[in-house]
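K.L.:
3D, please:
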Amino acid sequence: MPDFTTIQDFAEAEQNIKHSRFIGRCQRADTPGLAMEFLASVSEPKANHNCFAYRIGGDYRFSDDGEPGGSAGRPILTAIESSELDHVVVVVIRYFGGIKLGVGGLVRAYRGAAAACLDAAQHIVIRPPVCLEIDLPLAVSGAALSMIHHLGATEQDVTVSGDRYRSRLYVSRDILDTCIRHLTDKTRGQARINILEKD
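P.N.:
I've put the predicted structure just below:
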């Protein structure tokens with residue numbers, strides 16, 4: 001999985017356009033379920049509309065929540081995409097002020113409110129760990145892995161077969177070369193290491 005930019009935490013921004021209040025709220029969301037939980041937690045039942053969009057990798061969803069088709073949810077998603085952010089959900093709450101904005105005005109208002117709250121958030125780059133498929137001599141596996149675990153690597157799918165120890169090892173990219181070198185040295189070159197996820 002490639003690096004991506006997301007937001008650190010919750011952020012909010014409000015804009016008033018022709019007496020309508022547009023309140024943008026955003027949060028990092030790593031799954032669609034978390035995005036929908038955020039929508040439920042920040043929506044205001046007394047508002048006229050609670051429109052939203054999220055983008056999580058190739059997965060996205062948006063809703064106009066009663067506004068004219070294409071005037072709210074899609075512009076919110078466009079604001080996320082224009083900010084080059086991922087794993088993000090944005091909710092824009094509207095309290096109608098009595099003056100109709102027209103579809104064009106709504107598009108600008110929803111996109112603007114979404115962009116404002118995303119701009120208010122702290123942006124961070126996420127570097128997903130690299131997955132190594134390792135096959136080590138069982139006799140030296142403990143010594144070979146102890147330092148790597150200390151550096152924060154995690155393991156899954158551990159199996160022992162005969163005199164071999166196999167697992168999937170997840171390591172941060174900044175210690176990848178150190179881990180490979182350490183495994184090679186501690187096993188005297190007998191480690192079999194396959195990098196499954198690097199790009």
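K.L.:
Quick check: mean pLDDT of stretch 34-53?
P.N.:
The pLDDT scores in stretch 34-53 average 97.
K.L.:
distance of the nearest residue to Ala139 once chain neighbours are set aside from Ala116?
P.N.:
Counting by Cβ to Cβ, 6 or more residues apart in numbering, Ala139 lies nearest to Asp163, which is 6.9 Å off, once chain neighbours are set aside. C-beta here means a position set from N, CA and C on the backbone, and glycine is covered the same way. For Asp163, the distance to Ala116 equals 61 Å [Cβ to Cβ, to the nearest Å].
K.L.:
same check, this time on His87
P.N.:
20 Å.
K.L.:
Please identify the buried residues of the longest helix along the chain?
P.N.:
The single longest helix within the chain, with elements called by DSSP state H, is helix 102-120. For helix 102-120, a neighbour-count test (16 or more other Cβ atoms under 10 Å) marks Leu106, Val107, Ala109, Tyr110, Arg111, Gly112, Ala113, Ala114, Ala115, Ala116, Cys117, Leu118 as buried.
K.L.:
helices and strands around the helix or strand following it, which ones?
P.N.:
Sequence order places strand 123-126 as the next helix or strand after helix 102-120, per DSSP states H and E. In terms of contacts (3 or more Cβ pairs under 8 Å, 6 or more residues apart in numbering; DSSP states H and E), strand 123-126 is packed against strand 4-7.
K.L.:
Keeping just the C-alphas, turn the strand it packs on into PDB.
P.N.:
What follows is strand 4-7, C-alpha atoms only, in PDB (Å, rounded to 0.1, in the frame of the first residue of the first chain):
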ATOM      1  CA  PHE A   4      -1.000   8.600   1.700                       C
ATOM      2  CA  THR A   5      -1.800  12.000   3.300                       C
ATOM      3  CA  THR A   6      -4.700  12.200   5.800                       C
ATOM      4  CA  ILE A   7      -5.700  14.400   8.700                       C
END
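K.L.:
Going by neighbour count, list what's buried in that strand.
P.N.:
Under 16+ other Cβ under 10 Å, the buried positions of strand 4-7 are Phe4, Thr6, Ile7.
K.L.:
where does the chain dip in pLDDT?
P.N.:
Within the chain, the stretches with pLDDT under 70 are 1, 197-199.
K.L.:
domain assignment for it?
P.N.:
4-126, 130-197 (automatic domain parsing).
K.L.:
Pick the most deeply packed of those domains.
P.N.:
domain 4-126 (a mean of 18; mean count of other Cβ atoms under 10 Å).
K.L.:
wait, is Arg166 part of a helix?
P.N.:
No: using DSSP: H, G, I helix; E, B strand; the rest coil, the assignment for Arg166 is strand, not a helix.
K.L.:
show me what contacts it?
P.N.:
Glu133, Ile134, Asp135, Leu136, Asp157, Val158, Thr159, Val160 (Cβ atoms under 8 Å, 6 or more residues apart in numbering).
K.L.:
Good, wrapping up.
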